[in-house]
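>>> here's my sequence, what's the structure:
(2 chains)
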Amino acid sequence: KNEVEQSPQNLTAQEGEFITINCSYSVGISALHWLQQHPGGGIVSLFMLSSGKKKHGRLIATINIQEKHSSLHITASHPRDSAVYICAAPRIQGAQKLVFGQGTRLTINP
Amino acid sequence: NAGVTQTPKFQVLKTGQSMTLQCAQDMNHEYMSWYRQDPGMGLRLIHYSVGAGITDQGEVPNGYNVSRSTTEDFPLRLLSAAPSQTSVYFCASSYEGYGYGYTFGSGTRLTVV
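Sure, this is the predicted structure:
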């Protein structure tokens, strides 16, 4: 079993739909990261959160420490949101060495 | 522009050749790290550094060397390239300690034939 698991692995939706990507982890956690990898390959850090919820534009990330689960939501999805979304968590509480999920490939059709 | 600069973007090597992937950041980040990304697998940590003169191994260090002589630079050396090292390599940096986001380089696509 992977230490960080994402679901679904692939997601296709129509423009405007509400998107949810899930991340479950079994490692110790001090901060969970959500990353976006563009079709061209570049990786951008979206969120780092250790509790509660964070919002940036149409992106919302939540985390439940007790249940070891995090979700990334996209409201009013747009074709430019098409990318691979990756969650990552430190293997050891308080450390920086990250363990990555395999990613969720999101395709938003116009 | 502030960020992480990786070079080269593409490289083809023959088995047994050596090369260095360059990574430089201008944000005064203490923590720098190298990852490889292979199809069907998540990013995996190769080596990391928490400051100049300090490096340590990640999950998949075999066949790679690193050094950190300055805060800015963290090169990754392939000593004798093997086809199993065909991958996309990313460098990333962050302030030390948890609670900080990461900045990634644009990646190097390496093919070993």
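>>> residues of chain A that sit close to chain B?
By C-beta under 8 Å from any C-beta of the partner chain, the residues of chain A that approach chain B are A:2, A:4, A:30-31, A:33, A:35, A:41-45, A:47-48, A:50, A:86, A:88, A:90, A:94-103. Quick note: C-beta positions are derived from backbone N, CA and C, even for glycine.
>>> go with 10 Å
A:2-6, A:9, A:29-31, A:33-35, A:37, A:40-50, A:86-88, A:90-91, A:93-103 (C-beta under 10 Å from any C-beta of the partner chain).
>>> among the residues you listed, which ones are in strands?
Mapping the residues of chain A next to chain B onto strands (DSSP state E) picks out A:4-6, A:33-35, A:37, A:43-49, A:86-88, A:90, A:98-100.
>>> narrow these to those that are buried.
Buried residues within those, counting neighbours by 16 or more other C-beta atoms under 10 Å in any protein chain shown: A:4-6, A:33-35, A:37, A:43, A:45-49, A:86-88, A:90, A:98-100.
>>> now B:Tyr89, nearest residue through space, not along the chain?
Once flanking residues are discounted, B:Tyr89 sits nearest to B:Thr108: 4.6 Å by C-beta to C-beta, 6 or more residues apart in numbering or on different chains.
>>> nope, B:Ser80 is what I was after
B:Gly16 (5.4 Å).
>>> my read is the one you found is in a strand, agree?
No. Counting by DSSP: H, G, I helix; E, B strand; the rest coil, B:Gly16 is not part of a strand but coil.
>>> which residues touch it?
Going by C-beta atoms under 10 Å, 6 or more residues apart in numbering or on different chains, B:Gly16 touches B:79-82, B:112.
>>> which residues in chain A form helices?
All residues of chain A lie outside helices when identified by DSSP state H.
>>> show me what the helix or strand of chain A with the lowest mean pLDDT is packed against.
Least confident helix or strand, chain A: strand A:98-100 with a mean of 88, by mean pLDDT, DSSP states H and E. In terms of contacts (3 or more C-beta pairs under 10 Å, 6 or more residues apart in numbering or on different chains; DSSP states H and E), strand A:98-100 is packed against strand A:4-7, strand A:32-37, strand A:83-90, strand B:31-37, strand B:44-51.
>>> how about a cut-off of 8 Å?
strand A:83-90 (3 or more C-beta pairs under 8 Å, 6 or more residues apart in numbering or on different chains; DSSP states H and E).
>>> so what strands line up beside the strand it packs on?
strand A:32-37 (antiparallel), strand A:98-100 (antiparallel), strand A:104-109 (antiparallel) (DSSP bridges).
>>> name the residues that touch it?
For strand A:83-90, the external contacting residues (C-beta atoms under 8 Å, 6 or more residues apart in numbering or on different chains) are A:3-4, A:6, A:21, A:23, A:25, A:27-39, A:43, A:46, A:70, A:72, A:96-101, A:103-106, B:42-43, B:98.
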